[in-house]
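**Student:** build me a model:
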Amino acid sequence: MKIDNITLAFWNKIVLKNVNIEIKPGEFVFFIGHSWSGKTSLIRSLIGDFKPQFWDVVLDNWGFLYKNLNEDLLWAYRRSIGVVFQDYKLMESKSVYENVAFAMEVCGYNDKYIQKKVPESLEQVGLLSKKDKFVSELSGWEKQRVSIARALGHNPNIIIWDEPTWNLDPDTASDVMKIFDDLNKEGKTIIIATHDKNIVDAFKKRVIVFKDKEVTADMKKWVYEL
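**Tutor:** Got it, this is the predicted structure:
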């Protein structure tokens, strides 16, 4: 995808301006920056949730995300991306299996595919043995893995996550990042916004720096440096 000179604003207050970024298929990219620097706003734009005030997001098929945005296009686009939310957005009163299955039902998959794919996704994050547990019975780390499994359910090409390790201890953070490293090695594009210096420094991937509502640096094999 290509972020083509977009400017984002809330009620005419600029939160990010004149951003140009191209992310190629299979890349692993960190967005870093202080709070309110604009990185989360850009992620919202990338998932079809925050329309730019100016210009657009150009998709891999050279279509424009927002120029002709309608429900059908948005639905199709969201099937191509996996989003892991910071607050999980899980249904606590439903089982692990039901949470992953529901996300796939919303995307329009049939029962046969869901019955095949849900166990595969849970196995991928090491939670198949807890598929019948209620989400309310899980630890925070286990809930996070359910969120990852839900994002993987429709086999997305791009996976986007805002602050994956904000509430995790260093060992658990390392475990969750291992999952994403493996997904990247399978060819998936990974985009992560984070304040976690440890994981950025450990992985040394492409790092894009946000400061004062602009992109101020874009470096390959870089570390956390503001």
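
**Student:** now the nearest residue to residue 128 once chain neighbours are set aside: how far from residue 19?
**Tutor:** In this structure, residue 128 finds its nearest non-sequential neighbour in residue 122, 4.4 Å apart by CB to CB, 6 or more residues apart in numbering. Where you see a C-beta, it was placed from the backbone N, CA and C, and this is true even at glycine. Distance, residue 122 to residue 19, by CB to CB, to the nearest Å: 36 Å.

**Student:** what helices and strands are in contact with the helix or strand that contains residue 116?
**Tutor:** Per DSSP states H and E: residue 116 is located in helix 111-124. Applying 3 or more CB pairs under 8 Å, 6 or more residues apart in numbering; DSSP states H and E, we find helix 111-124 packed against helix 96-106, helix 140-152.

**Student:** that helix vs helix 140-152, what angle?
**Tutor:** Put simply, helix 111-124 runs at 140 degrees to helix 140-152, going by axes from the mean of the first three to the mean of the last three CA atoms, to 10 degrees.

**Student:** what is the rounded mean pLDDT of helix 111-124?
**Tutor:** In this model, helix 111-124 has an average pLDDT of 93.

**Student:** would you mind listing the buried residues in it?
**Tutor:** Applying a neighbour-count criterion of 16 or more other CB atoms under 10 Å, one finds 114, 117-118, 121-122, 124 buried in helix 111-124.

**Student:** gap between that helix and the chain center?
**Tutor:** 20 Å (CA atoms, centre = their mean, to the nearest Å).

**Student:** can you name the next helix or strand after the biggest helix by length in the chain?
**Tutor:** Taking DSSP state H as the criterion, the chain has its longest helix at helix 170-185. As assigned by DSSP H and E, the chain's next helix or strand after helix 170-185 is strand 189-193.

**Student:** and the average pLDDT for the strand or helix carrying residue 4 is what?
**Tutor:** Using DSSP H and E, residue 4 sits in strand 2-10. Averaging pLDDT along strand 2-10 gives 85.

**Student:** so residue 137 versus residue 94, what's the distance?
**Tutor:** From residue 137 across to residue 94, the span is 11 Å (CB to CB).

**Student:** the more surrounded of the two?
**Tutor:** Neighbours were counted for residue 137 and for residue 94 using other CB atoms under 10 Å; residue 94 has more, 15 against 12.

**Student:** what sits against that one?
**Tutor:** Applying CB atoms under 8 Å, 6 or more residues apart in numbering, we find residue 94 in contact with 102, 134-135.

**Student:** test my guess that residue 188 contacts residue 26.
**Tutor:** Yes - between residue 188 and residue 26 there is a contact under CB atoms under 8 Å: 7.3 Å.

**Student:** pick out whichever of those two has more residues nearby.
**Tutor:** residue 188 (20 against 14).

**Student:** quick one: pLDDT of that one?
**Tutor:** You'll see residue 188 listed with a pLDDT of 94.

**Student:** the residue nearest to the spatial centre of the chain - nearest residue in space that isn't next to it in sequence?
**Tutor:** Geometric centre of the chain, nearest residue: residue 160, 1.4 Å, by CA atoms, centre = their mean. Nearest residue to residue 160, sequence neighbours excluded (CB to CB, 6+ apart): residue 191, at 4.7 Å.

**Student:** across the sheet, point out what pairs with that neighbour.
**Tutor:** Taking DSSP bridges as the rule, residue 191 bridges to residue 29, residue 160.

**Student:** could you dump the helices and strands packed on helix 111-124 to TSV with distance to residue 195, mean pLDDT and mean neighbour count?
**Tutor:** What follows is the helices and strands packed on helix 111-124, written out as TSV (distance: least, CB to CB, whole Å; pLDDT from 0 to 100; neighbours: other CB atoms under 10 Å):
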stretch	distance to residue 195	mean pLDDT	mean neighbour count
helix 96-106	27	91	21
helix 140-152	16	89	22
